[in-house]
Structures are given as structure tokens and as C-alpha cells.
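> need coordinates for the below:
(one chain, ligands or ions: 2)
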Amino acid sequence: MRRVSVFGATGSVGESTLDLIARRDDCRVVALTGGRNVVRLAELARAHRAELAVTAHDDCLGDLRAALAGSGVAVAAGAQALVEAAARPADWVMSAIVGAAGLAPGFAALAQGGVLALANKESLVCAGALLKAEAARHGATILPVDSEHSAVFQALTGEDIAAVETLTLTASGGGLRDWPLDRLARATPADAGQHPNWDMGQRITIDSASMFNKAMEVIEAREFFGIAPERIEVLIHPQSLVHALVGFSDGAVMAHLGAPDMRHAIGYALNWPARAPLPVARLDLVQAGRLDFHAPDPARYPALGLAWDVMAAGGCAGAVFNAAKEAALDAFIAGRIGFADMARLVERTLEVTAQETDITRDPASLAEVLETDTDARRRATALADGLARSGAA
Ligand code: NAD
Ligand code: MG
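Ligands and ions are numbered 1, 2, ... in the order given. Now for the predicted structure:
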């Protein structure tokens, strides 16, 4: 029996992961974690006979305990309990908490030397070098679950990374792809929270509309595959059927295609290094009819270019970028700043942080990454407050 734990079990990736686990008879569920949706967390924990269910919030513990009374599932709450849950012996751990909150549990899981299936892209953006060093130290394997990175990983199987000339990540362009630019600036969280192809959590869906998500993925690709920034490119591909393309030094290009369903990338990580049948729709190219590609317009997607600034700076810039992006997204969702303000706010936070600190220094520990995160969040929130005040004036 494989022991599996799912962090962020109540989210979009977490639910898809458990959907696949439920179809297998070789997995035993150790820990499931969630946020405030303790009713769903308890349902999942009962259905999967988990050993332990953890809510991230101390004030939700009573409700979780009540929902799991008599079930035999142990309960816990809080950030430290999440890290302790990650230290419970497991062979395969899904990291699918959204945001920098996913960092510490992912690190803790690596110490077991098993497989960390990494959906939480923030881990690589904020602490890529540390995460890879920690995996190497414990003989653990990190498998990418982001669809584009799973696609690249699959295209690279059996290949020499030194022979890679280009790495192309595709992007749908998000829910506001066809909006005129003047209207785009006035988009609401509800407008940006619609995705044409993928069914995902609210935060990543809005990040897709702004292309902050793709900026994160460019940095994630650089960190995971060790590929030079100038070799990475992004193409808009509205059909979301080609997930990534890898170009080699002999001119060959390997593309990964499939229906836009996260259960492919999750299932690949679950079956790795083998392949096994998955319940995803099969690609029908005749029905698709055409595959379109075009270069993203920098005026529409100012967030995307910031990825190359972050990669050029290196060091702590990824952690600053992510924290500022999370704070900007919070302010946008709360209706305090506009859609177009998010990229400006993140760029400004990077500038201010670079003026006041050495942003290029490599963080020595996870604690230093989290300090950088707190500091950048504070700066970005102060900038958002300023914008909100000037907007109201
Ligand atoms: P989601 O919002 O649907 O779910 C997030 C999960 O994290 C939930 O279980 C929630 O309870 C939990 N959570 C939220 N805040 C938390 C906190 N502070 N502490 C602990 N737990 C917390 O998100 P999602 O769309 O499933 O995305 C999860 C991660 O996977 C993100 O990093 C995202 O970028 C990445 N990802 C998602 C998709 C997708 O298709 N949804 C694709 C690629 C990558
Ligand atoms: Mg992706």
C-alpha cells in the first residue's frame, strides 16, 4: 500500500487528486488538509478513511472535531499542525495549498525522501534553490504538477537538458483575453474569475487573466529545469490543447498535447515513472479543427514581463514578487484596487525592495524566505492602501 497525503485537499487540485486516488486500490490516505471549508474536509476525510484531517485555522478546530466525531479520524489545526502532518510517514505527498502558505508543509514532506507532487508553484518561485537542495539532501523526488511543467517534464524524459534550445509555455490568455484594453482596466474580480478552458481555484483563475500565473510559471520552469531565462518563451494558445513545447539543438520540437484536465498531470505524477490509464477526455484533433498561437501583447499583460526582471535579479526577488502578487490580488479581490493596478503595484514593490534591501542575496533558509515574504507583503499592502486612497479621492 502506498501512503499518500494531500495538502489543500478541499481545493481544485486537491479534489482532482482525491478523485484519482478513489479510483485506485493501492493507496492509503494519511493526512488531508484544508482551510475554512471544514464540512468538505470532514467529508473527504471520512470517505477516504484518512488518519488525520488538519484545518489551517485554529478557530475552525471545534467545527472540524464536531464534523468528524466518531469517525476515528484524528484532527488538528494551525500552521504548525500542517507541518507536523507533512512529517507523518507518506510515500507520495500532493502539495496543493494555494500561496506561500504551501511552502513549509512541502519542505517538511521532502524530509521523508519520498515523492512530492508539486502543484504549489509558489514553492519554486519563492524558494526554488532551497527546495531542490532539500530534496537532494533527503533523496526525495519533486514531480511538477503544473500542467505546463508536467508537459515539459514528459517531453524531456530521456533527453539531455543541455540540448534544449527553447522552452515554450502556452497560455490561454485568460478570461479577459478579448476585452478591449480600456475596459480591461475596469474588470472586476467576477469578470476575471471566469476561465475559458480550465476549472481552477479563484486565485489562479484571476492570475490567468492578468498572466501573473504565466509569469509565475516562467520562473517555476527556470527553477525546476535550470533553463536560462532567455530560452523560455510564452505563446498564447486559446485552445489550451498544447501545454508546452521543447525545442532541441537539432531543430526538433517535442510538444505535449492533451485535454485541459488537471487529472492528467496529477495522474502522471501518481503513476510516475510508469504510465497507466487515466479518466481524462481523449484529444480529438479533427474536432478541435485548429490550433492557434500568437505572441502575448505586453500592453495587455504587463505582469508577464516582470518574470524576466525577477529571474535577472535572482536571490530573493521571486519571494518578493510572489508576496507582492498575493497582496495585490487580495486588494483586487477586496475591491480596493483595479485590475490594471496589480502589475504596477508588484513592479513598484520590487523596485522599492531593491532600493532598500539586497534583493539579489540568496536566502539561506526557509525562515529567511518567509521573512522576505512578510516584508514584501507589508510593502505591497502599504502601496495598495495608497492606491486605494488616491482612487477614492
Ligand atoms: P484552491 O483555491 O482551489 O484550493 C486551495 C487549497 O489550499 C484549499 O484546500 C484551501 O483550503 C487551502 N488553503 C488556502 N489557504 C490556505 C492557507 N493559508 N493555509 C493552508 N491551506 C490553505 O486552489 P487550486 O486552484 O487547487 O490551486 C492550488 C495550487 O495549485 C496553487 O498553488 C495553484 O497555483 C496550483 N495550480 C493549480 C492548478 C489548477 O488547475 N487549479 C493548476 C496548476 C497549478
Ligand atoms: Mg499551469
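
> tell me which helix or strand Glu134 sits in.
helix 121-138 (DSSP states H and E).

> pull out the buried positions in that helix.
121-128, 130-132, 134-135 (16 or more other C-beta atoms under 10 Å). All C-beta atoms are positioned from the backbone trio N, CA, C, and that covers glycine.

> same check, this time on stretch 149-167
Quick answer for stretch 149-167 (16+ other C-beta under 10 Å): 149-156, 164, 167.

> cool, stretch 51-66 as well?
Result for stretch 51-66 [16+ other C-beta under 10 Å]: buried residues 51-56, 60-61, 63-65.

> ok, stretch 66-84 next?
67-68, 73, 75-78, 81-84.

> just those: which are in strands?
If you go by DSSP state E, the buried residues of stretch 66-84 have 75-77 in strands.

> Ala244 and Met262, how far apart?
As judged by C-beta to C-beta, to the nearest Å, Ala244 and Met262 stand 15 Å apart.

> any idea how many residues pack against whichever residue of the chain sits closest to ligand 1?
The chain approaches ligand 1 most closely through Gly11 (1.9 Å), counting by C-beta to the nearest ligand atom. Gly11 has 25 neighbours, counted by other C-beta atoms under 10 Å.

> cool, and Phe225?
Close neighbours of Phe225, defined as other C-beta under 10 Å, add up to 18.

> do the same with Leu285
Neighbours of Leu285 using other C-beta under 10 Å come to 10.

> quick one: contacts for Leu64?
For Leu64, the contact set (C-beta atoms under 8 Å, 6 or more residues apart in numbering) comprises 38, 41-42, 53, 55, 75, 77.

> look at it and give its secondary structure.
helix (DSSP: H, G, I helix; E, B strand; the rest coil).

> for His195, same thing?
His195 ends up coil, using three-state DSSP.

> show me what counts as buried in the helix or strand containing Arg389.
Remark: Arg389 resides in helix 366-392, with elements defined by DSSP H and E. Under the neighbour-count criterion of 16+ other C-beta under 10 Å, helix 366-392 has 366, 368-370, 372-373, 375-377, 379-381, 383-384, 387-388 buried.

> can you narrow the residues you listed to ones near ligand 2?
Applying C-beta under 5 Å from the ion to those, one finds that nothing falls near ligand 2.

> which one of those sits closest to Ala269?
Leu366 (22.8 Å; C-beta to C-beta).

> show me the contacts for that closest one.
Counted by C-beta under 8 Å, 6+ apart, Leu366 has contacts 103-104, 107, 127, 130.
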